[in-house]
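J.: after the sequence you'll find the predicted model.
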Amino acid sequence: MVRRSDDQRLATPRLALWRNRSGFSYLGVLILVAVMSISLVGTGRYWSTIVKRELEAELLYRGDRIRQAIASYYNTPPGGQNKTYPRQFSDLLKDPRYPGVKRHLRKWYTDPMNRGKDWVYIMDASQRLKGVHTAHEGTPLKTGNFPKDYSEFEQAQTYADWTFVFVPKQ
């Protein structure tokens, strides 16, 4: 007859107990992964909303800057010339009507909603630039509290409906 030492007798029930509990760890890890996945989905939605709101604010800022630059170009013709819209977007960066450097816009603003692509230009009857809008067709989150010049944006169905146009006062 083989005698077991005290260590062997104590080790055997522990191993049996360990074998019985081994499935619980796996189940616990699965539950933990499921809970983390659900929380990450919620966090992802939250962050995507924040990013979309920031892009909307940037669209409003850049579009307004371009509209103001078109107004500046229109309202400051060289002596004796008629007021006109710029022929192209680059005329806002360096006004060709002046012999020196005259800037109405300090830098080339790209469309923030279309990942840096160019704006859609709005031309007047003589094919001169009077405004811009984005080509992005997404639905805006912002539907109210626009500046006075952009109150019509409250009825906009898409970002493409947000048009930044300079209309001279008669």
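T.: Nice, thanks for sending it over. Source: prediction; values computed, not measured. Residues are numbered from 1 along each chain as shown.

J.: all helices for this protein, in order.
T.: 6-75 (DSSP state H).

J.: skip the chain neighbours and tell me the closest residue to the residue nearest in space to the middle of it.
T.: The structure's the chain has its C-alpha centroid closest to Leu55; by CA atoms, centre = their mean the separation is 2.5 Å. Of all residues not flanking Leu55 in the chain, Pro112 sits nearest, at 5.3 Å (CB to CB, 6 or more residues apart in numbering). (Glycine included, C-beta is placed from N, CA and C.)

J.: Gly138 versus that neighbour, what's the distance?
T.: Pro112 is 12 Å from Gly138, where distance means CB to CB, to the nearest Å.

J.: neighbour count for these two, which is higher?
T.: For Pro112 and Gly138, the more surrounded residue by other CB atoms under 10 Å is Pro112, and the numbers stand at 21 against 13.

J.: so who does Thr110 touch?
T.: Listed by CB atoms under 8 Å, 6 or more residues apart in numbering, the contact set of Thr110 reads 62, 116-119.

J.: filter those residues to the buried ones?
T.: Among the contacts of Thr110, those buried by neighbour count (16 or more other CB atoms under 10 Å) are 62, 119.

J.: need the contacts of Thr110 in a markdown table (columns: distance to Gln170 and pLDDT).
T.: Formatted as a markdown table, these follow (distance: CB to CB, whole Å; pLDDT from 0 to 100):
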| residue | distance to Gln170 | pLDDT |
| --- | --- | --- |
| Arg62 | 27 | 95 |
| Gly116 | 37 | 74 |
| Lys117 | 34 | 84 |
| Asp118 | 31 | 87 |
| Trp119 | 26 | 94 |
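
J.: closest to Lys83 out of the contacts of Thr110?
T.: For the contacts of Thr110, the residue nearest Lys83 by CB to CB is Trp119; the value is 22.5 Å.
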